[in-house]
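# When you get a sec, could you give me coordinates for this:
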Amino acid sequence: MKIGITYDLRIEYLALGYSEEETAEFDRPDTIQAIENTLKELGFKTERIGHVRSLAKQLVKGKKWDLVFNIAEGIKGFGREAQVPSLLDAYDIPYTFSDPLVLAVTLHKGMTKSIIRDLNLPTPDFAVVNTEDDIKKVNLPYPLFAKPVAEGTGKGIDSSSKINNRSELITVCGILLERYKQPVLIETFLPGREFTVGIIGTGGDAVAIGALEIVLKEIAQKDVYSYVNKEQCEELVEYRLVEDSMAEKAKEIALLAWRGLGCRDAGRVDLRVDSSGIPNFMEVNPLAGIHPEHSDLPIMCSLVGISYRELIQRIVESALKRINIHVPSLLPASRLHKVSRKRKYTESVPATQMVLQF
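This next block holds a predicted model:
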């Protein structure tokens, strides 16, 4: 079986003149190498495809793959994450992770929160500011929190994102509207703990593997998991694997959100606790970073006893299950049992799900 790999390489876009911030979500060469090496270890043939334009050129030439491992983020518009899956759908080529509808909707945080609210899951009250005229329509109690409606990696978030009065609201919205050329999401500021929950699987097979608490150090930008805090996380942020009752509630809400939104294979859900002690959905990342050492999901996996190889294996397993492709199991049963005994999350991640069931 041949698996193609689609991705956006950060250094390529930097060479074209894009800024560090514009390319913050794109991947490093060692991420692509890690994915490719792991797929080969699992017995697959691989081929690097690259970004959406490279994919388009190869599709026109008649190239085909049995599966595409897609981590391409895209560069323009609300549908940028949906571009590669849309092309692959048009050519009837299966791929990992979520479909175009899910990727487009979940990139727009306001639309995502509307769905979450309809699912009766907790999320902070919000308003979407499309123009400066919309600012006067915002009728939410202070403090508030402002961020671009369709960015990731903390882009557009800094210490000024926590808003305490109307003057600050006008100033911050004006800056964000001008800088990012997109609407601004305004939410009630939540004062409590912040979690990111890792999810592996699709639909009823999806499981919440663990919850990381994001703890800002004294020297970090206060109150906000900002672009600077994320870019310099080794110095500014502490990540703690937590298992208390609040973390378990966060995992429960995250899993309901993941299933309700129709996300697939693997990703993360971010939550923050409100003044009543309830974890609230903030946003979902259905195309989460997958660097083996620096990305939240692989870090979380390693902390709960799931190796990088097993993570990649389970992502592929979830994708291939949708198209009923069967290949021999790749993980020796003896090693599987050893991992299962050492791990604390056996009840959340059944050991049988660590083997490709084809």
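
# all helices for this protein, in order.
Remark: helices assigned in the chain by DSSP state H are 10-15, 29-41, 52-60, 83-90, 100-107, 109-118, 166-180, 227-231, 233-236, 245-261, 296-303, 308-322, 333-342.

# Throw those helices into TSV and include mean pLDDT and mean neighbour count, thanks.
Using the backbone N, CA and C atoms, a C-beta is placed for each residue, glycine as well. Listed next are those as TSV, based on pLDDT from 0 to 100; neighbours: other Cβ atoms under 10 Å:
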stretch	mean pLDDT	mean neighbour count
helix 10-15	94	14
helix 29-41	97	17
helix 52-60	97	15
helix 83-90	98	20
helix 100-107	98	21
helix 109-118	98	18
helix 166-180	97	16
helix 227-231	71	18
helix 233-236	82	13
helix 245-261	98	20
helix 296-303	94	21
helix 308-322	96	21
helix 333-342	33	12
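
# can I assume Asp99 is in contact with Pro85?
Yes - counting by Cβ atoms under 8 Å, Pro85 is a contact partner of Asp99 at 5.7 Å.

# Output the helices of the chain in JSON lines; the columns should cover distance to Val197.
Listed next are the helices of the chain as JSON lines, based on distance: least, Cβ to Cβ, whole Å:
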{"stretch": "helix 10-15", "distance to Val197": "26"}
{"stretch": "helix 29-41", "distance to Val197": "22"}
{"stretch": "helix 52-60", "distance to Val197": "29"}
{"stretch": "helix 83-90", "distance to Val197": "23"}
{"stretch": "helix 100-107", "distance to Val197": "15"}
{"stretch": "helix 109-118", "distance to Val197": "14"}
{"stretch": "helix 166-180", "distance to Val197": "27"}
{"stretch": "helix 227-231", "distance to Val197": "17"}
{"stretch": "helix 233-236", "distance to Val197": "18"}
{"stretch": "helix 245-261", "distance to Val197": "4"}
{"stretch": "helix 296-303", "distance to Val197": "8"}
{"stretch": "helix 308-322", "distance to Val197": "15"}
{"stretch": "helix 333-342", "distance to Val197": "21"}
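
# nearest to Met1, of those?
helix 308-322 (8.7 Å; Cβ to Cβ).

# Parallel or antiparallel, list what pairs with the lengthiest strand in the chain.
Determined from DSSP state E, the single longest strand within the chain is strand 207-216. Sheet pairing of strand 207-216 (DSSP bridges) gives strand 194-200 (antiparallel), strand 237-242 (antiparallel).

# So which of those strands has the densest surroundings on average?
strand 194-200 (a mean of 26; mean count of other Cβ atoms under 10 Å).

# what angle separates that strand from helix 308-322?
60 degrees (axes from the mean of the first three to the mean of the last three Cα atoms, to 10 degrees).

# Over strand 194-200, what's the mean pLDDT, rounded is fine.
In this model, strand 194-200 has a mean pLDDT of 97.

# ok, residues contacting that strand?
Applying Cβ atoms under 8 Å, 6 or more residues apart in numbering, the contact partners of strand 194-200 are 206-214, 225, 242, 247, 250-251, 254-255, 258, 263, 265-273, 279, 296-297, 300-301, 306, 311, 314-315, 318, 349, 353.
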